[in-house]
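Enquirer: need coordinates for the below:
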Amino acid sequence: WIKNTDYAIDFVSAMREDQYFMQLDTHNPNSWEKNACDNRSPDFASTCRGTDDTCGFKVMKNRRSNGTPSKICCWRFSFRYYADEAASVNGCMIQVQEREGLSPQQQLETEMAVQARLKVFRTITNTASFHPDLLKQLHVAIE
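Expert: Model (predicted):
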């Protein structure tokens with residue numbers, strides 16, 4: 001699995017400390033260990049797109065009794081669940097694109113966000129270090 005980079009860690013930390021972003025209900029899909037229904041790399045090779053119909057895990061493995069993602073669910077199922085939830089309340093996804101471009105996992109997350117009709121804001125950087133002042137530009141774009 002792809003590990004969080006220093007840039008991504010600094011970005012998330014800055015969001016948690018920012019007055020605007022700390023008011024939002026956020027979900028970081030990279031904050032927990034991931035399972036995959038097909039044991040493949042997190043790319044487009046899988047047919048799973050995080051829905052009950054496409055995921056290789058049984059519904060009981062993916063969902064708790066209240067319908068939320070279980071701790072052992074497929075990462076794509078969890079991602080799609082939160083994308084659908086965010087879309088239902090006019091939310092958005094913030095995606096960090098680093099110098100190397102989007103990873104295969106991020107490309108798949110983008111596809112699933114589009115399927116969920118979730119608006120995507122992508123930050124793009126050409127530097128190795130994150131500067132918290134950049135969050136102000138993102139804040140303006142989101143509002």
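Enquirer: beta-bridge partners for Ile94, please?
Expert: Beta-bridge pairing for Ile94 (DSSP bridges): Phe121.
Enquirer: make sure it is actually in contact with Thr123.
Expert: Yes: counting by C-beta atoms under 8 Å, Thr123 is a contact partner of Ile94 at 6.9 Å. All C-beta atoms are positioned from the backbone trio N, CA, C, and that covers glycine.
Enquirer: which one's more surrounded, the two?
Expert: Per other C-beta atoms under 10 Å, whichever of Ile94 and Thr123 has more neighbours is Ile94, with 20 against 17.
Enquirer: if we can go back for a sec, who touches both of Ile94 and Thr123?
Expert: Contact criterion C-beta atoms under 8 Å, 6 or more residues apart in numbering; residues shared by Ile94 and Thr123: Leu138.
Enquirer: residue closest to the middle of this structure?
Expert: Pro29 (4.6 Å; C-alpha atoms, centre = their mean).
Enquirer: wasn't that one part of a helix?
Expert: No: looking at Pro29 with DSSP: H, G, I helix; E, B strand; the rest coil, it is coil, so not inside a helix.
Enquirer: now Gly50: how far from Tyr20?
Expert: Per C-beta to C-beta, to the nearest Å, Gly50 is found 28 Å from Tyr20.
Enquirer: do the same with Lys71
Expert: 30 Å.
Enquirer: of those two, who's got more company?
Expert: Applying other C-beta under 10 Å to Lys71 and Tyr20 shows that Tyr20 carries more neighbours, namely 14 against 9.
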